[in-house]
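1. could you work out the structure for the sequence below:
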Amino acid sequence: MRKRAAGTAFAIVFAHATAAQAQQGGEDSRQPEPLTAEGPASATALDQVLVSATRTPRPIAAIPGSVMVIGQDQIREQLRLSSDPADLLAKYVPGFNVSNQSISGASETLRGRSVLVLVDGVPRNTPLRDVSRILSLIDLNSIERIEVVNGPSSIYGAGATGGIVNFITKEAADDPVQITASVNVTAFTADVEDSLAPEVFGSASGNVGLFDYYLGTRGRWSENAYDGSGHLLPSDPFLGQGGFDNADEANVDAKIGRSFGDQRIELSGERTYFDQKPKYFTDYTTDPVRPDTDER
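-> So this is what the prediction gives:
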């Protein structure tokens with residue numbers, strides 16, 4: 001019994017000073033940190049700029065509606081516990097349903113309504129599957145910030161009756177090349193040896209001539225999962241929806257672009273791979289459901 005999901009996404013973005021991908025003030029504008037203005041006696045932090053709510057860069061205070069930004073500090077903190085974006089949104093976004101710990105995304109709604117998921121302003125939802133198998137397969141390691149707009153909107157098309165979640169990927173470094181790497185391992189205390197889940201991530205970014213680039217790769221290999229009482233959890237608790245244990249995962253995110261003053265052209269692509277190989281079938285006659293360890 002195997003659960004496999006793979007996908008590829010490409011996007012070409014043309015940006016102008018009034019577009020969602022606009023660059024303000026050349027290369028320095030690519031940095032997502034809030035701007036500051038220094039006076040003779042003190043420093044004053046200016047309001048953070050948001051692009052998801054109106055497709056144009058505007059300060060949060062100037063947007064009529066409920067919006068929020070999940071920054072790099074919160075993303076790094078979440079990565080220590082889980083790499084699932086659904087867990088991050090459930091933690092910081094009021095009204096976002098708690099993840100059901102599967103890749104289906106069936107419970108991922110905002111105040112009970114559907115969510116439109118974007119990556120750099122490009123919709124990921126489809127009319128047939130909506131948000132299913134989309135949100136939890138996004139690599140948080142390559143995300144700079146997340147912009148959340150509450151309430152129905154049609155500015156990016158259909159599917160946002162509950163709100164919009166826009167994942168903004170990391171920009172290129174100002175140096176010719178900047179390389180980062182990280183390795184982490186998680187495990188359940190109930191059985192450390194059989195639940196080890198190593199994860200590796202590496203990225204390279206910089207500027208070469210007139211172009212800037214970013215490349216991020218991630219791999220994760222998981223084993224068994226256990227609940228708080230030390231019981232083995234089923235790999236497929238929702239009848240064919242799959243889970244995150246006993247799985248191989250991989251993400252590749254890449255983009256290259258060039259700025260022309262206040263205009264920009266960018267080509268981006270993403271490849272996602274997920275292959276689950278459960279050790280046991282699930283016994284759905286019990287409450288709660290459990291792995292059928294008597295049969296292989």
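2. where does the stretch 151-296 of the chain have low pLDDT?
-> Low-confidence regions of the stretch 151-296 of the chain, defined here as pLDDT under 70, cover residues 295-296.
3. mind redoing it with 90?
-> 151-163, 173-176, 209, 227-229, 235-244, 259-264, 279-296 (pLDDT under 90).
4. all strands of it, in order?
-> 163-169, 178-186, 197-208, 211-221, 247-260, 263-276, 282-283, 290-291 (DSSP state E, counting those that start in this stretch).
5. repeat for the stretch 1-150 of the chain
-> Under the criterion DSSP E, counting those that start in this stretch, strands of the stretch 1-150 of the chain are mapped to 3-15, 36-38, 43-45, 49-50, 58-59, 67-70, 115-119, 122-123, 143-150.
6. would you single out the least confident of those strands?
-> For those, mean pLDDT drops lowest on strand 36-38, to a mean of 40.
7. export stretch 200-216 as PDB, just CAs?
-> Taking Å, rounded to 0.1, in the frame of the first residue of the first chain, the C-alpha atoms of stretch 200-216 are listed here in PDB:
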ATOM      1  CA  VAL A 200      18.300  18.100   5.200                       C
ATOM      2  CA  PHE A 201      18.000  21.400   3.500                       C
ATOM      3  CA  GLY A 202      20.400  23.400   1.300                       C
ATOM      4  CA  SER A 203      20.200  26.600  -0.700                       C
ATOM      5  CA  ALA A 204      22.300  28.800  -3.000                       C
ATOM      6  CA  SER A 205      21.400  32.300  -4.000                       C
ATOM      7  CA  GLY A 206      23.100  35.400  -5.300                       C
ATOM      8  CA  ASN A 207      23.700  37.700  -8.200                       C
ATOM      9  CA  VAL A 208      25.500  36.900 -11.500                       C
ATOM     10  CA  GLY A 209      25.900  39.800 -13.900                       C
ATOM     11  CA  LEU A 210      22.400  41.200 -14.600                       C
ATOM     12  CA  PHE A 211      20.500  38.300 -13.100                       C
ATOM     13  CA  ASP A 212      19.800  37.100  -9.500                       C
ATOM     14  CA  TYR A 213      18.900  33.600  -8.600                       C
ATOM     15  CA  TYR A 214      17.700  31.300  -5.700                       C
ATOM     16  CA  LEU A 215      17.800  27.500  -5.500                       C
ATOM     17  CA  GLY A 216      16.600  25.600  -2.500                       C
END
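8. tell me the contacts of the closest residue to Val98 other than its chain neighbours?
-> Nearest in space to Val98, with sequence neighbours left out and distances taken as C-beta to C-beta, 6 or more residues apart in numbering, is Ala90 at 4.8 Å. (Each C-beta comes from the backbone N, C-alpha and C, glycine too.) By C-beta atoms under 8 Å, 6 or more residues apart in numbering, the residues touching Ala90 are 96-99.
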